[in-house]
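**Q** From the sequence below, what's the structure:
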Amino acid sequence: MTTFSENEDEFHEARFAWERQYEKGYFLHQSIQHEMPAVAKRFKAHSVKSVLDHGCGSGRHVLYLAQQGFEVVGLDIAPTGLFTLLQKLADEEYASHPTLSDILQLPFADESFDAIISVRVIHHNRLALIQKTVQEMRRVLKPHGLIWITVPVPKGHDATDGREIEPGTWVPTSGIEKGLPHHLFTEDELQKLFQHFTILELQKFMLSHFSVLVEKPPA
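**A** Numbering: from 1, shown residues only. As a prediction, the model looks like this:
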């Protein structure tokens, strides 16, 4: 889910860090994000039918949204996560289209989806590439479409947590997320990141995460 065009070593380390986690069994059987039922209700009220789960992992939210009657496409860069999702879909007899891809170059036509969710995904990059990621999300979203994202809140990182590769962006040098960049957003940065959208909600759950819901204006 991460691309570092200016540093190939960083790119490959981050790219395969996700696959290593899934191969070890991490994140394969997580519960849904606690806001998900309310988000699904909001989607239904907005007449959403098609949803892209942007960085779906092993598919916890793909399954939940399929159960709620949405047409869901799950996208991730980790083959093991997507294979696990395929097994879950087969067991539950739900139709979906798991897609192996980097989030910076989405393999979908313009205005393909009514909504996009991205749970603890987009912060795993340098800020300039996060901005490109949001532009790509905007491209594949229909006018009046919704995006819901979550990103962690800053928690007092320092040099012992890893190395800072740019202001506000850290890469752990140990642990299960070794090699995965973490940009720690401020509320002002999130508002700027989504300045070309209508921000419907921006909530901060202390010591946990930001939750952001935005709408794409008509052209």
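
**Q** Tell me where the model's unsure across the chain.
**A** Per-residue confidence of the chain (counting by pLDDT under 70) places the weak regions at 1-15, 156-161.

**Q** What residues of the lengthiest strand in the chain count as buried?
**A** What stands out as the longest strand in the chain, according to DSSP state E, is strand 141-152. Residues of strand 141-152 classed as buried by neighbour count (16 or more other CB atoms under 10 Å): 141-142, 145-152. To be clear about C-beta, it is placed using only N, CA and C from the backbone, and glycine gets the same treatment.

**Q** Quick one: residues in contact with stretch 196-210.
**A** Defining contact as CB atoms under 8 Å, 6 or more residues apart in numbering, one finds that stretch 196-210 is touched by 120, 138, 146-147, 150-153, 155, 185, 187, 190-191, 211-217.

**Q** and if you look at stretch 76-91?
**A** For stretch 76-91, contacts defined as CB under 8 Å, 6+ apart pick out 1-2, 15, 18-19, 21-23, 27-28, 55-59, 62-63, 66, 74, 95-96, 98-103.

**Q** Mind giving me the ChimeraX command for buried ones among those residues?
**A** Selecting in ChimeraX just the buried members of the contacts of stretch 76-91, where the criterion is 16+ other CB under 10 Å, is done with this command:
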select :1,2,15,18,21,22,27,28,55,56,57,58,59,62,63,66,74,96,98,99,102,103
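
**Q** Most widely separated two among the buried residues of strand 141-152?
**A** Within these, Lys142 and Pro152 form the most distant pair, 28.6 Å apart (CB to CB).

**Q** before we move on, back to that, would you mark the buried spots in the helix or strand just after the longest strand of the chain?
**A** Heading C-terminal from strand 141-152, the first helix or strand you meet, by DSSP states H and E, is strand 163-166. Of the residues in strand 163-166, those scored as buried under the neighbour-count criterion (16+ other CB under 10 Å) are Ile165.

**Q** Check which residues of the host helix or strand of Glu189 are buried.
**A** Taking DSSP H and E as the criterion, the element that holds Glu189 is helix 187-193. Of the residues in helix 187-193, those buried under the neighbour-count criterion (16+ other CB under 10 Å) are 189-190, 193.
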